[in-house]
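# 3D model of this:
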Amino acid sequence: MYFNSVEDTTSIYNTETGETYADNWYYITPENAEGVTLKNSYIVNYETGEVVSYEEGKHRVVDNNLLCIKEGLVYTVDAKNRSTGDNWGDAILHNFNTNDANSGWTENSLSFDGIDDGIEVPDKSDYSNGVTLEIYFKYKGKINNQILQLLMMKRKSGSDGFNIFIGNNKDENQIGREQEFKRITVYIGGVSGRLVTNSYVEENVPMYITYTFNPNVANDKGTLYINGEKVQTTNIGNVENIIKIQNDANIQIGSDIHKTYLGESEDNRYPFNGEVYAARVYNRPLTEQEVKYNYNNTVNN
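Below is the predicted model of the structure:
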């Protein structure tokens, strides 16, 4: 299979060195090799003859139409792969109002009105190897006295799933409460996996959040990245509480459409007030190099 970073759809990224193999390279697998017998896959430069042995984990396939690493990708959307303003891939759009300047498609984003706009993505993925959540957005400010605003979620109740919120609802009476409306909070596996991060959003400033969770390592299972840079690690999280609902809950972005966070009240949708430029979910943890690749490729395009 020949691939070219400009004309074709696939390239390969070295997660250790940051090098991308695209122009002038072939990717040859045992299945598509003609006239020879191969046990492994190789990346071959057709101009120089250089051969690189393809290694799982070290090399990742990149879909150039998606601006991101492809392996383990559950859902992605960004300004490049949207064919129209109403096309968010497999997502179902809820309550967007084309007559409202704060609701719906903008030039390069989807604008959420902070009232009821939201996205739902059907999902039955296996998260036993972990999860990565990515979202590139701009926060436009607090809505009345709403404690939380939802960026991304997959859960049925407060004891399972995963999500990223703007806001900290556990310290409602503390001094400096205004700042808590802007704190980034992550849940991996329900309230027992709740991480109140040391990072805050700024109003009207684009921010790229990536959170990875790897249940298969002893330390630093969870890692928060802001704009491609690692800012915090933790061991908080429970992947078993994600696995048990993987067939029973959809991904939600921008609003808790089905009120899965706290349940009954119509007020518990925690709508996001701002714009989303790109959003992704993986059913594996991305490496630090992969996080940087997705960030740079998305923001620069």
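# hmm, which helix or strand of this structure has the shakiest average pLDDT?
Sorting the helices and strands of the chain by mean pLDDT, DSSP states H and E puts strand 2-3 at the bottom, at a mean of 65.
# Parallel or antiparallel, list what pairs with the very next helix or strand once past that one.
Tracing the chain C-terminally past strand 2-3 and defining elements by DSSP states H and E, one meets strand 10-14 next. For strand 10-14, the paired strands and their directions (DSSP bridges) are strand 20-21 (antiparallel), strand 59-63 (antiparallel).
# Compare the ones you listed and give me the one nearest Ile242.
Within the strands paired with strand 10-14, the stretch nearest Ile242 is strand 59-63; the backing value is 22.5 Å (Cβ to Cβ). C-betas here are computed from N, CA, C, even on glycine.
# can you list the residues that contact that closest one?
9-15, 20, 43, 68-71, 73, 290, 293 (Cβ atoms under 8 Å, 6 or more residues apart in numbering).
# Give the buried residues for stretch 252-262.
For stretch 252-262, the neighbour count (16 or more other Cβ atoms under 10 Å) marks Gln252, Ile253, Gly254, Ser255, Asp256, Ile257, His258, Thr260, Tyr261 as buried.
# typed the wrong thing, it's stretch 184-198
Ile184, Thr185, Val186, Tyr187, Ile188, Gly189, Gly190, Gly193, Arg194, Leu195, Val196, Thr197.
# starting at the chain centroid, how far to it?
16 Å (Cα atoms, centre = their mean, to the nearest Å).
# Need the CA coordinates for it. CSV is fine.
The C-alpha trace of stretch 184-198 is given here as CSV (Å, rounded to 0.1, in the frame of the first residue of the first chain):
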residue,chain,number,x,y,z
ILE,A,184,-11.2,21.1,35.2
THR,A,185,-12.5,17.9,36.9
VAL,A,186,-12.2,14.4,35.5
TYR,A,187,-14.0,11.2,36.5
ILE,A,188,-12.7,7.8,35.5
GLY,A,189,-15.0,5.1,36.8
GLY,A,190,-17.4,7.2,38.7
VAL,A,191,-17.2,9.4,41.9
SER,A,192,-14.5,7.1,43.4
GLY,A,193,-12.3,8.0,40.4
ARG,A,194,-12.9,11.7,40.7
LEU,A,195,-9.8,13.9,40.0
VAL,A,196,-10.1,17.6,40.8
THR,A,197,-7.2,18.9,38.7
ASN,A,198,-4.9,21.8,39.4
